[in-house]
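Undergrad: Build the 3D model from these lines:
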Amino acid sequence: MSSDYLHFSDWGISGGGSCCPILIAGPCSAESEDQLRQVAMRLRDTGITFFRAGAWKPRTRPGAFEGAGEDALKWLGRIREEFGYRCMVEVANAKHVGLALAHKMDAVWIGSRTTVTPFAVQEIADALSGVDIPVFVKNPIHLDLELWIGAIERLRGAGIRRIGAVLRGCGGVAPGKYRNAPCWQLAIDLKQRLPVVPCLCDPSHIAGNTEYILELSQQAINLDFQGLMLEVHPNPNQALSDAKQQLTPEQCNTIIKSLKPRSTEGGDHNYQLKLDQLRLEIDQLDVTLITTLARRMKVSREIGNLKRDNHIIVLQASRWERVLAQVIAKGKKVGLDEEFVAEIYNRIHLESIRQQQ
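TA: All right, here's what the predicted structure looks like:
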């Protein structure tokens, strides 16, 4: 199936740079034509691939700014004529698609709140049938690889070949210092399943704060993401949506210039030798981990038999609380992140309960 998708090098589109072949930047929401023009003018030397702006904003509660609608598309059309940018908007239904196409948008994206609804994605795919413009699909707002892949497959089924995936992080998962948990593994799994589909990162939505956008952008480049989607506003303090995560155009330029490229291969003989040694050590440690987990589950089954013979319930909550606290404390002493340890041991505990039943 993945061979049916077009690799970005065959999209016939230039832009970005060595670190970031696909660079999408622009305001979270199109608030006025002047706002768009200010951003467009100040991003002229950044080399962006697509100029983005939201025309319709799906807000959690009513009463907040929900976008300028079709007026935003008119403004974007004039921005394209004046600055030569390829322009794109978010679409959430067939009506949005029809208006975007009528105003000659060069690309569209499907947001995370829409990706979770197969009916909505299919409606969008049907509306785009026969119109092969680039379509970018953000991951579902919660952690669900199959929904993400399913949305991409629906678009491919409608004849669209230029499809990109965008990681914007997930809710419902401990986010740490960010607004949304990055969930890097979700994108890694998607890249393994659909290797031809370019994968971008939306560090603005992951971060929720401009303070973390550079570090997240560099992490994405380190993980071989093909591009970034950045929110940029001429005066973020006055933004009508997501003010804290929007960069100024100058901050955007600085971030792009600060990114350090990584090669998929290379290094001298000493590098390769050391890498092989370290990977061998990891392989050996993995064998130890698997063997230890198998032994732990064997003991769990024996405990389960003992409890069953004595008519004792499987789940001992107080015992588990003590075990979890102990391993987290031990993990901290050796430099392991608390959330990392808790996530692993919670999963081990669930499997242990299953083995005991």
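Undergrad: Quick one: mean pLDDT for the helix or strand where E153 lies?
TA: Take DSSP states H and E as the rule and E153 turns out to sit in helix 145-157. Across helix 145-157, pLDDT averages out at 97.
Undergrad: in that helix, what's buried?
TA: Residues 145, 147-156 are the ones in helix 145-157 that count as buried (16 or more other Cβ atoms under 10 Å). For every residue, glycine as well, the C-beta is placed using N, CA and C.
Undergrad: now, which of those sits nearest V197?
TA: Ranked by distance to V197 (Cβ to Cβ), the buried residues of helix 145-157 are led by I152 at 6.5 Å.
Undergrad: now L273, what's its secondary structure?
TA: helix (DSSP: H, G, I helix; E, B strand; the rest coil).
Undergrad: pLDDT score assigned to it?
TA: The model reports L273 with a pLDDT of 83.
Undergrad: Could you check how far it is from R279?
TA: Distance of L273 to R279, given as Cβ to Cβ, to the nearest Å: 11 Å.
Undergrad: Could you do N139 as well?
TA: 29 Å.
Undergrad: if I look at S263, how far off is A220?
TA: The value you get for S263 to A220, if Cβ to Cβ is used, is 16 Å.
Undergrad: More neighbours: those two, which one.
TA: Set S263 next to A220 and count neighbours by other Cβ atoms under 10 Å: A220 wins out with 26 against 7.
Undergrad: Near D224, how many other residues are there?
TA: If you count neighbours by other Cβ under 10 Å, D224 ends up with 13.
Undergrad: helix, strand or coil for it?
TA: With three-state DSSP as the basis, D224 sits in coil.
Undergrad: One more: I213?
TA: Following three-state DSSP, the label given to I213 is helix.
Undergrad: what about the stretch 151-300 of the chain, any weak spots by pLDDT?
TA: Applying pLDDT under 70 to the stretch 151-300 of the chain picks out residues 264-267.
Undergrad: Would you map the helices across it?
TA: Remark: helices assigned in the stretch 151-300 of the chain by DSSP state H, counting those that start in this stretch are 184-193, 203-207, 213-222, 249-258, 269-309.
Undergrad: right, so of these, which gets closest to L315?
TA: It is, among the helices of the stretch 151-300 of the chain and with distance given as Cβ to Cβ, helix 269-309, at 9.9 Å.
Undergrad: ok, now how distant is G159 from Y5?
TA: Counting by Cβ to Cβ - G159 and Y5 are separated by 12 Å.
Undergrad: Have a look at the two and say which one is more surrounded.
TA: When neighbours are counted by other Cβ under 10 Å, G159 and Y5 differ, and Y5 comes out ahead with 21 against 12.
Undergrad: pLDDT score for that one?
TA: Y5 is given a pLDDT of 85.
Undergrad: is it true that it touches V197?
TA: Yes. Using Cβ atoms under 8 Å, Y5 is in contact with V197, at 5.3 Å.
Undergrad: shared neighbours of the two, which are they?
TA: Contact criterion Cβ atoms under 8 Å, 6 or more residues apart in numbering; residues shared by Y5 and V197: I163.
Undergrad: I'd like the distance between Y85 and W75.
TA: Between Y85 and W75 the distance is 12 Å, computed by Cβ to Cβ.
Undergrad: How many residues are close by R80?
TA: Residues lying near R80 (other Cβ under 10 Å) number 18.
Undergrad: can you tell me which residues contact R113?
TA: Neighbouring residues of R113 by Cβ under 8 Å, 6+ apart: 58, 92, 141.
Undergrad: could you list every residue that touches the first one?
TA: This means P58. Neighbouring residues of P58 by Cβ under 8 Å, 6+ apart: 66, 92, 111, 113-114.
Undergrad: Check the last one too.
TA: With contacts taken as Cβ under 8 Å, 6+ apart, I141 has the following neighbours: 112-113, 115-116, 170-171.
Undergrad: doesn't it fall inside a strand?
TA: No. Assessed with three-state DSSP, I141 is coil; it does not lie in a strand.
Undergrad: For it, give its distance to V197.
TA: Applying Cβ to Cβ, one obtains 20 Å for the distance of I141 from V197.
Undergrad: With I24 instead?
TA: Distance, I24 to V197, by Cβ to Cβ: 16 Å.
Undergrad: more crowded one of these two?
TA: Taking neighbours as other Cβ under 10 Å, I24 and V197 compare with I24 leading, 26 against 22.
Undergrad: three-state assignment of that one?
TA: When classified by three-state DSSP, I24 comes out as strand.
Undergrad: any idea how far it is from E153?
TA: Distance, I24 to E153, by Cβ to Cβ: 22 Å.
Undergrad: swap in I348?
TA: For I348, the distance to E153 (Cβ to Cβ) stands at 33 Å.
Undergrad: How is the chain partitioned into domains?
TA: Annotated domains of the chain cover 2-258, 269-356 [automatic domain parsing].
Undergrad: which of those domains sits most buried?
TA: With neighbours defined as mean count of other Cβ atoms under 10 Å, those peak in mean count at domain 2-258, which reaches a mean of 19.
Undergrad: Figure out how far it is from the centre of its chain.
TA: 10 Å (Cα atoms, centre = their mean, to the nearest Å).
Undergrad: now the contacts of P58 as CSV including secondary structure?
TA: Shown next, in CSV, are these (three-state DSSP):
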residue, secondary structure
E66, coil
A92, coil
G111, coil
R113, helix
T114, helix
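Undergrad: show me the contacts for the residue nearest the centre of the chain.
TA: For the chain, the residue nearest the mean C-alpha position is L167 (1.1 Å; Cα atoms, centre = their mean). Neighbour list for L167: 138-139, 182-184, 186-187, 199-202, 206, 220, 225 [criterion: Cβ under 8 Å, 6+ apart].
Undergrad: Alright, I will stop here.
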